[in-house]
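Colleague: No sequence on hand, only this structure:
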């Protein structure tokens, strides 16, 4: 499966952004899609994941209550709605398949990343 992330940009502290991830390539997602992020000089970290079959979600503690992951199985899209953004949320965000687990190693396919910048 091929993934393409989009929707990044500049937001002010306390603002919102919605990221999108399009899955294509003729291979169906079996387990789920996750979002990860990587800030400069930091390791890539788990943000959220969603089960493709039943929509069950999982979040990193630092984004719970502020971020919402969702999917549209018809469009093969996964979204990450981010609200109340803080400076600590600035990073390159990646979508990845095919797992629901909060670990980089469990994902085989990765999108190219989309930059999220947060200004005060």
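Modeller: Okay, I see it. Bear in mind that the values here come from a model prediction, so they are computed numbers and not experimental data.

Colleague: any idea how far the most centrally placed residue in the chain lies from residue 17?
Modeller: Here the mean C-alpha position of the chain is nearest to the C-alpha of residue 35 (Cα atoms, centre = their mean), at a distance of 2.5 Å. Shown here: residue 35 relative to residue 17, a distance of 12 Å by Cβ to Cβ, to the nearest Å. For the C-beta atoms, the positions are set from N, CA and C on the backbone; glycine is no exception.

Colleague: Likewise for residue 67?
Modeller: Taking Cβ to Cβ, one finds residue 67 at 10 Å from residue 17.

Colleague: Quick check, pLDDT for the residue nearest to the centre of the chain.
Modeller: pLDDT for residue 35: 98.

Colleague: Surely it and residue 21 touch.
Modeller: Yes. In terms of Cβ atoms under 8 Å, residue 35 counts as a neighbour of residue 21; the distance is 7.5 Å.

Colleague: Need the overlap of contacts for those two.
Modeller: 78, 80, 95 (Cβ atoms under 8 Å, 6 or more residues apart in numbering).

Colleague: could you dump those to a markdown table with pLDDT, distance to residue 27 and neighbour count?
Modeller: Compiled in a markdown table, these are given as follows (pLDDT from 0 to 100; distance: Cβ to Cβ, whole Å; neighbours: other Cβ atoms under 10 Å):
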| residue | pLDDT | distance to residue 27 | neighbour count |
| --- | --- | --- | --- |
| 78 | 98 | 15 | 30 |
| 80 | 98 | 22 | 27 |
| 95 | 98 | 15 | 32 |
